[in-house]
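1. Structure of the sequence below:
(chains A and B)
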Amino acid sequence: MSEGEGDGSRESTGPLGYDQARWTDSGERYEPLLSEKDSTEVEVGGDDSPLPDDLTRDSLELPALSEPELARHYTRLSQMNYGVESGPFPLGSCTMKYNPKFTEDVAALPDGAVHPDRPDETVQGTLAILAGLQDYLGRIGGMDAVTLQPPAGAAGEYAGILIAKAYHEHRGEERTEVVVPDSAHGTNFASAALAGYDVVELPSAEDGRVDLDALRAAVGDDTAALMLTNPNTLGCFERDIETIAEIVHDAGGLLYYDGANLNALLGQARPGDMGFDVMHYNVHKTFATPHGGGGPGAGPVGVNAELAPFLPSPHVRRVPRSGTDGSSGERSDPRDGPHHDGYERYDPEHSVGKVHGFEGNWLVLIKAYAYISRLGDAGLADASAKAVLNANYLAEQVDYEVPFGPFHHEFVASAGDQDAADVAKRMLDFGVHPPTTKWPEIVGEALMTEPTEIEGKRTLDQLAAAFDAVAGEDDSTLEAAPSKTSARRIDQVAAARNPRLSWQALDDGEE
Amino acid sequence: MTDNDTRGSPYAPHTATETAAMLDAVGVDSESDLFDIPPAVRFDGEFGIDASDERAVRRDVERTLARNDDLTELLGRGHYDHYVPSMVDHLADRSEFLTSYTQYQPEVAQGFLQALFEYQSLLVELTGLEVANCSMYDAATALGEAATLASRVRSVSGDRVLVPAQLSDGRRGVLENYADGADLLVDTYPMADGAVDIDALEGMMDEDVAMVYAESPTIRGVVEPSLSAVGGLADAHDALFCLGSDPVALSLLESPASVGADVVVGDASTLGLGRSYGMGLGMFATREDYLRQVPGRLVGAGEDESGRRAYTLTLQTREQHIRRERATSNICTNQAWVALRAAMHAAWLGPDGLVDLAEDCVAYPRDLAARLDEIEGVQAPIHDRHHFREFQARTDQPAAAVAGDLRDRGYAVHTLGEHRLGICVTERTADRLDRFVAAMAEVAP
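-> Just a heads-up that it's a prediction; the model follows:
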């Protein structure tokens, strides 16, 4: 083992060391499947059934366990899982920051548990929160109107692209292409394709930023939009953003902001001010709602005034009690708004229609509302400042080469001769969730690292010590990792070659 | 009471000394020096959002939400209120689950992966299909994804998706957006007495049909009696048969696989989530033939280096982070934690509990409709069918006026037409029906 073999100056803090809970049952398994503990087949239908037999199934086979058994099962499973509260989680582009506890309680308030089909006048509290969050996000992004309906960032991208499409079609223009930088999130490509667009890939310049000449060559009469995140996935700010906006707008296209990296900019810059016409917010990233092991998130979309009539239906607006028509879309002051005015849902004039069956992921949205209310201007700005400070400090400390820069909230180190995936597995042994690996491809053996503002200097030093310890290790050590987790290295190629996707398939496939 | 805290983020632990040391290590004087932003696009204004302490935020939200009327909701139409056992809240809220990320490092995510594997297994048992993914956003987006799946896997060309005339606006609207991007057309087939009009559907079937969608229970709560016939028509025309349902209903109703369903979609949030203003859990299951065209994440069982069973996300080459514009879907963040809750709730109920709950979903609306039908000026249910959770009632008085009077007495029901109400009942409202029937008897005649 090589703990403590890092940079001597940091021995006092050292790497963390980590043992994840593991359980042995039946000699070989960590935690049996529920079906292996007790699988019970019950008959369905029959004389006591309220339905005739031809409408019912014959039987149902599922586990039947007591609540105490289930409590232990899920507690054990939780102990075999790593979250933000388990240790450092510097997963680049994912913005894994601490999720305040009180927002869970706020989301669980019984008055918030209402059905979405209730008449507007009976859910004024819910609509006030939604309008308040629309307003907050508009201020933060520099956008004129915001929809909360998209249930995730990629869903927000898709809604944003639908809005762009509807806008062009409304103007009688048929534009068929969306331009996306090669370093962009994969969702940008997929969302544009889902909306029926051809994707034009934009090569990055040598400094990792948008190549203006390549951009000029890529855009034209067919361009519906350029999708861009800023800072980009290397953590670098697109300093030429004004020129980029000019090029895209001159071609008649719209500028789309991917909000995945917005945590780097709060209070420092706003997409709307940079010339972006439409953007999505990842509230589960920037505004600290829990990632939930992969969701739910929420991906509100902000637009400028020209695009506001195309927002999804329904949209929420404030209706001043003084009796004006309320159609101005004028934003309320969140400090006095929720308690004084009325709110209603309406269909924007040229709405793209629906992007969610109801109106999005309410439980996530209310947490974002509470988080923003808690931090306010000063807290939001400080969150970005500390996130950027942390990234710069950590980048300064690690032994790996960090090309490009200057960077904001995340940096991409190169593992050099080491395999980045192996480095990641080895970092698990030090109690650290590893960075995002092998992406963006512009950096060889990329380790995309985003510490976020929640880590203090001591933790960053421990993180750096873990990086340094791993940087000095040979391939055989790396390839043997991880050794302290509840499972050893998993053969993902074999799992894909022989997919077993349910316990029913295991029963078929195992002796 | 706002304390106007201007000290910064309460969740950034830096002391002034540490911040100074870190700035020094980086070689800058202040944090703002780290921002590489051209002056022209620097933001020097204010959002105008005051910081508040935790207590003040809670009170603000409580006070705001108190503006919601306190109503007994007899509402359904795609979002249902079932009791969620306390165990689900307590265990799903364990921070190792709640604050974790997508399981891209499976060695430290075995717990969540196993729970999702168990969720997939639950859906496999309920649908009889071989493959279930570990969540979409909601029923509407799952339906949209089913349509794009149909456009990819159908062996002959075809660009029409047939949907029932009685379909929620939300599902229809989302489907139309997905269909538009995939160059599909959404077409409507008629219904007869609240169920599929099989003869009319047969008349619409041709080689242009890529997918036929039917629901059971329908948006009117009708248990669809002709699913096998729909499956047969789809099969005869090489179209996919997509069935919309939910896990509680599927615990009792005939198996989708047995009626020829190729894809099952729906909202699995009927387990584990309760009322949450329409937030959902998109269920998606299909046949093994379409495995490599499935949207969303799949958890598979494999082995670790020591030969022991271990779980991992698998077949990721379908997904957007690898395949980009050629991915089967753009979904990335999904509803994993909601799926965890659904799996927990199903496990808590067990097979007997699930079937009992589903049987109640048939008995409650049947009994309530019969009681309402005795009231002068009310006919219920409108459709001479078996119902699940909800049904429609005809009122001699204008429905809006009846609903308004009911609201004044503390009840919310759907107003669906000039003389038509929608009423939903689950175990959460079943003990309040005596008073509801009495209220109806006051306002309906």
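
2. what about stretch B:394-410 and chain A, any contact?
-> Yes: contact between stretch B:394-410 and chain A, assessed by C-beta under 8 Å from any C-beta of the partner chain, occurs at residue B:407. C-beta here means a position set from N, CA and C on the backbone, and glycine is covered the same way.

3. Rounded mean pLDDT for that stretch, please.
-> For stretch B:394-410, mean pLDDT is 97.

4. Alpha carbons only: can I get it in PDB?
-> Output of stretch B:394-410 as PDB, limited to C-alpha atoms (Å, rounded to 0.1, in the frame of the first residue of the first chain):
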ATOM      1  CA  ARG B 394     -72.600  12.800 -15.800                       C
ATOM      2  CA  THR B 395     -74.400  15.600 -14.000                       C
ATOM      3  CA  ASP B 396     -77.600  17.200 -14.900                       C
ATOM      4  CA  GLN B 397     -76.400  20.500 -13.500                       C
ATOM      5  CA  PRO B 398     -73.500  22.100 -15.300                       C
ATOM      6  CA  ALA B 399     -70.300  20.200 -14.200                       C
ATOM      7  CA  ALA B 400     -68.400  23.400 -13.500                       C
ATOM      8  CA  ALA B 401     -71.000  24.600 -11.000                       C
ATOM      9  CA  VAL B 402     -71.100  21.200  -9.300                       C
ATOM     10  CA  ALA B 403     -67.300  21.200  -9.000                       C
ATOM     11  CA  GLY B 404     -67.300  24.700  -7.700                       C
ATOM     12  CA  ASP B 405     -69.900  23.900  -5.000                       C
ATOM     13  CA  LEU B 406     -67.900  20.800  -4.100                       C
ATOM     14  CA  ARG B 407     -64.800  22.900  -3.800                       C
ATOM     15  CA  ASP B 408     -66.600  25.200  -1.400                       C
ATOM     16  CA  ARG B 409     -67.300  22.000   0.700                       C
ATOM     17  CA  GLY B 410     -63.600  21.000   0.500                       C
END
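
5. Enumerate the positions of it that are buried.
-> Neighbour-count burial for stretch B:394-410, counted by 16 or more other C-beta atoms under 10 Å in any protein chain shown, picks out B:394-395, B:399, B:402-403, B:405-407.

6. what's the spacing between it and its chain's center?
-> How far stretch B:394-410 lies from its chain's middle: 29 Å, per C-alpha atoms, centre = their mean, to the nearest Å.

7. residues near residue B:443, how many?
-> When neighbours are defined as other C-beta atoms under 10 Å in any protein chain shown, residue B:443 has 21 of them.

8. ok, it - contacts?
-> B:397, B:402, B:405-406, B:409 (C-beta atoms under 8 Å, 6 or more residues apart in numbering or on different chains).

9. go again using 10 Å as the cut-off
-> Contacts for residue B:443 (C-beta atoms under 10 Å, 6 or more residues apart in numbering or on different chains) come out as B:375, B:377-378, B:395, B:397, B:401-409, B:411.

10. Also residue B:72?
-> Listed by C-beta under 10 Å, 6+ apart, the contact set of residue B:72 reads B:406, B:409-413, B:428-429, B:432-433, B:435-436, B:439.

11. can you redo those residues as JSON lines with secondary structure?
-> JSON lines is the format used below for the contacts of residue B:72 (DSSP: H, G, I helix; E, B strand; the rest coil):
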{"residue": "B:406", "secondary structure": "helix"}
{"residue": "B:409", "secondary structure": "coil"}
{"residue": "B:410", "secondary structure": "coil"}
{"residue": "B:411", "secondary structure": "strand"}
{"residue": "B:412", "secondary structure": "strand"}
{"residue": "B:413", "secondary structure": "coil"}
{"residue": "B:428", "secondary structure": "coil"}
{"residue": "B:429", "secondary structure": "coil"}
{"residue": "B:432", "secondary structure": "helix"}
{"residue": "B:433", "secondary structure": "helix"}
{"residue": "B:435", "secondary structure": "helix"}
{"residue": "B:436", "secondary structure": "helix"}
{"residue": "B:439", "secondary structure": "helix"}
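
12. which of those residues lies closest to residue B:126?
-> Nearest to residue B:126, judged by C-beta to C-beta, of those is residue B:428 at 21.9 Å.

13. doesn't residue B:75 make contact with the closest one?
-> No: counting by C-beta atoms under 10 Å, residue B:428 stays clear of residue B:75, with 11.1 Å between them.

14. between the two, what contacts are shared?
-> Shared contacts of residue B:428 and residue B:75, defined by C-beta under 10 Å, 6+ apart, are found at B:81, B:275.

15. neighbour count winner among those two?
-> residue B:75 (25 against 16).

16. how much space between that one and residue A:358?
-> 12 Å (C-beta to C-beta, to the nearest Å).

17. Now do the shared contacts for those two.
-> A:115-117.

18. With pLDDT, secondary structure and neighbour count added, can I get those residues in JSON lines?
-> Listed next are the shared contacts of residue B:75 and residue A:358 as JSON lines, based on pLDDT from 0 to 100; DSSP: H, G, I helix; E, B strand; the rest coil; neighbours: other C-beta atoms under 10 Å in any protein chain shown:
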{"residue": "A:115", "pLDDT": "98", "secondary structure": "coil", "neighbour count": "25"}
{"residue": "A:116", "pLDDT": "98", "secondary structure": "coil", "neighbour count": "23"}
{"residue": "A:117", "pLDDT": "97", "secondary structure": "coil", "neighbour count": "23"}
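
19. give me the number of residues near the closest residue to chain B within chain A?
-> Closest to chain B within chain A is residue A:358: 2.5 Å, counting by C-beta to the nearest C-beta. Residue A:358 is flanked by 27 other residues according to other C-beta under 10 Å.

20. Give the full set of residues in contact with it.
-> Applying C-beta under 10 Å, 6+ apart to residue A:358 gives the contacts A:115-117, A:149, A:151, A:314, B:77-79, B:138-140, B:168, B:170, B:267, B:276-280.

21. Mind listing what's buried along the longest helix seen in chain A?
-> As assigned by DSSP state H, the longest helix anywhere in chain A is helix A:362-397. Within helix A:362-397, the residues that count as buried by 16+ other C-beta under 10 Å are A:362-395, A:397.
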